[in-house]
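Enquirer: need coordinates for the below:
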Amino acid sequence: MEHPRLRLRALPSTPPRPARSVCHGARRFPAQQPLRHEPLVRVRAARSLVHGRELHGYALRNIPFLDLRVLNALVSMYGRCGWLAEVNTVFASMGDTKSVVSWTCMINACCENGRPAEALEVFQEMRLAVVKVDEVTLLAVISACTKLDCTSELGNWVEQYACDNGFLENTRVANALIHMHGKMGRVKRSCEIFDSMSARTVVSWTAMIQALAVHGHGAAALVRFSQMLRQGFWPDEVIFLSMINACCHSTLLSEGRQLFKSMVEEYQITPWMEHYGSMVDLLCRSGMLDEAFGFVLAMPVKPDPVIWRVLTGACRDHGNISLARKVIDHVIDMDPDHRGNYVLASNLYAADENWGRVVDVRVEMGVRKETSRCSTAVSYIEANGEEDAESFSSTQLQ
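Expert: Down below sits the predicted model:
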């Protein structure tokens with residue numbers, strides 16, 4: 001079964017650095033040649049590109065034939081470092097000896113570098129080469145579909161492929177499909193896969209709750225959370241963050257307060273900055289601006305600029321200019337080079353008809369040249385199965 005043709009023009013990624021051919025001398029390793037493990041272990045552990053290239057050079061100088069496992073490790077290493085030119089060179093040097101691990105490393109390298117459409121093309125080549133797909137490969141393919149924000153047609157195709165090849169009973173694959181469908185907005189399908197699972201993990205519950213939370217099904221997320229607790233699962237930081245977000249999207253104030261309290265007092269979990277931010281967002285959406293301001297001031301850690309911006313935006317939306325004046329100074333002091341802070345301050349003063357302060361803020365924004373650059377945004381719209389993109393700069397929107 002062929003996957004549907006992708007009609008997607010991917011955003012241009014950062015151009016790779018000029019590639020130097022570092023593996024043109026690599027030779028394929030006969031099956032009977034013994035493997036020297038030391039370079040393999042070091043290559044897999046490499047995180048620095050310079051270190052990784054040194055190890056690659058060492059391997060070429062000291063090992064007569066590069067083992068396939070070393071080449072696989074090189075593909076992974078160059079992929080993590082963002083050098084797709086080297087990834088392609090090493091991958092091509094394998095010739096017809098590529099294993100399922102080789103193909104999976106290549107798919108992951110594309111996904112990790114923002115090229116999910118290319119990852120799916122590699123998967124098609126893998127299938128044409130009649131290489132047996134394993135669980136790890138399929139998880140990489142599902143990840144590529146998820147990162148593409150793929151159409152329902154492509155989502156159905158990858159799920160059908162998993163079903164036809166006996167992977168739907170695999171818990172990790174089912175978890176990935178729940179997440180993929182949830183991100184696509186197909187919450188009903190996520191629920192169907194979740195309910196059909198014979199064995200669930202905390203990751204399964206997290207994926208299901210996140211799918212419900214993002215799309216505003218707060219009450220349903222609370223039901224799933226209660227079911228999870230009854231079945232003996234212990235909630236972690238991610239689960240609580242998803243639940244507070246679910247309450248935020250559905251404006252369930254009392255439930256969100258109780259969840260945050262339970263997380264800290266009952267489960268002894270130290271909140272992340274994201275937990276605090278979600279609680280501030282929930283309070284702001286519920287119109288509890290003074291409580292949100294007090295909550296921020298009482299935080300045991302220093303609030304980040306995002307939390308202050310959320311509170312400032314809420315003050316603007318609710319017309320609480322007096323509180324906004326207190327908050328905006330915190331925002332600018334914490335992140336003086338962020339252009340959006342000055343735009344936010346300018347809009348607040350304009351809403352208060354304080355035109356003198358509007359001029360002052362605009363002048364200050366212009367003085368900080370690095371904050372006044374107009375970045376380009378790209379919007380994708382799918383119509384009749386085809387996607388088109390149109391670019392807008394901030395000057396066009398003014």
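Enquirer: any weak-confidence spans in this structure?
Expert: 1-64, 149-152, 335, 351-354, 357, 360-361, 364-398 (pLDDT under 70).
Enquirer: let's see it at 50
Expert: Scanning the chain for pLDDT under 50 picks out the ranges 2-46, 370-374, 385-398.
Enquirer: so for it, the centremost residue is which one?
Expert: Lys147 (7.6 Å; Cα atoms, centre = their mean).
Enquirer: ranges for the strands of this protein?
Expert: Assigned by DSSP state E, the chain shows strands spanning 376-383, 386-393.
Enquirer: quick one on the thing from earlier: contacts only, for the residue nearest to the centre of the chain.
Expert: Residues in contact with Lys147 (Cβ atoms under 8 Å, 6 or more residues apart in numbering) are 111, 114, 116. All C-beta spots, glycine's among them, are computed from the backbone N, C-alpha and C.
Enquirer: then Ala211?
Expert: 178-179, 181-183, 187, 190-191.
Enquirer: separation between Leu282 and Leu289?
Expert: 12 Å (Cβ to Cβ, to the nearest Å).
Enquirer: of these two, which one has the most company?
Expert: Leu282 (26 against 19; other Cβ atoms under 10 Å).
Enquirer: isn't that one up against Cys248?
Expert: Yes - at 4.3 Å, Leu282 counts as touching Cys248 under the criterion of Cβ atoms under 8 Å.
Enquirer: between the two, which contacts overlap?
Expert: Gly256.
Enquirer: the nearest residue to Leu323 once chain neighbours are set aside and Thr137: what is the separation?
Expert: Nearest non-adjacent residue to Leu323, counting by Cβ to Cβ, 6 or more residues apart in numbering: Cys315, 5.0 Å away. The spacing between Cys315 and Thr137, counted by Cβ to Cβ, is 50 Å.
Enquirer: which of these two has more residues huddled nearby?
Expert: Cys315 (25 against 21).
Enquirer: buried residues in stretch 208-216?
Expert: 208-215 (16 or more other Cβ atoms under 10 Å).
Enquirer: ok now it, how far from the chain's centre?
Expert: 16 Å (Cα atoms, centre = their mean, to the nearest Å).
Enquirer: one more: stretch 197-216?
Expert: 17 Å.
Enquirer: convert the C-alpha atoms of it to CSV, please.
Expert: Taking Å, rounded to 0.1, in the frame of the first residue of the first chain, the C-alpha atoms of stretch 197-216 are listed here in CSV:
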residue,chain,number,x,y,z
MET,A,197,-5.5,-1.1,24.3
SER,A,198,-5.1,-4.3,26.4
ALA,A,199,-2.2,-2.8,28.4
ARG,A,200,-1.7,0.8,29.2
THR,A,201,1.3,2.7,30.7
VAL,A,202,1.4,6.2,32.2
VAL,A,203,2.5,7.4,28.8
SER,A,204,-0.8,6.1,27.4
TRP,A,205,-2.8,8.1,29.9
THR,A,206,-0.6,11.1,29.3
ALA,A,207,-1.1,11.0,25.5
MET,A,208,-4.9,10.5,26.0
ILE,A,209,-5.2,13.4,28.5
GLN,A,210,-3.1,15.7,26.3
ALA,A,211,-5.3,15.0,23.3
LEU,A,212,-8.4,15.9,25.3
ALA,A,213,-6.8,18.9,27.0
VAL,A,214,-5.5,20.7,23.8
HIS,A,215,-8.9,20.5,22.2
GLY,A,216,-10.9,21.9,25.1
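Enquirer: hmm, back to that, right, and the residue nearest to Leu323 touches His330 too?
Expert: No - using Cβ under 8 Å, Cys315 is not in contact with His330; the gap is 11.7 Å.
Enquirer: please tell me I have it right and His330 contacts Trp308.
Expert: Yes - at 4.9 Å, His330 and Trp308 qualify as touching, with contact defined as Cβ under 8 Å.
Enquirer: the two: who's more crowded?
Expert: Trp308 (23 against 19).
Enquirer: now do the more buried one against His275, distance only.
Expert: 16 Å.
Enquirer: cool, and Thr97?
Expert: 49 Å.
Enquirer: now do Gly340
Expert: Distance from Gly340 to His275, by Cβ to Cβ: 23 Å.
Enquirer: quick one: which of those two has more around it?
Expert: Comparing Gly340 with His275 by other Cβ under 10 Å, the one with more neighbours is His275, at 20 against 13.
Enquirer: need the contact list for the more buried one.
Expert: 237, 240-241, 244, 260, 263.
Enquirer: what is the neighbour count of Asp195?
Expert: 9.
Enquirer: next: Ala92.
Expert: Ala92 - counted by other Cβ under 10 Å - has 11 other residues nearby.
Enquirer: give me every residue that touches it.
Expert: Per Cβ under 8 Å, 6+ apart, neighbours of Ala92: none.
Enquirer: that one and Lys98, how far apart?
Expert: 10 Å.
Enquirer: and Met197, by the same measure?
Expert: Where Lys98 is concerned, Met197 sits at a distance of 33 Å (Cβ to Cβ).
Enquirer: okay, those two: which has more neighbours?
Expert: Lys98 (21 against 17).
Enquirer: hmm, Ala129 and the more buried one touching each other?
Expert: Yes - look at Lys98 against Ala129 with Cβ under 8 Å: they come within range, at 7.3 Å.
Enquirer: can you pull the contacts of the residue nearest to Leu323?
Expert: 289, 321, 323-324, 327, 348.
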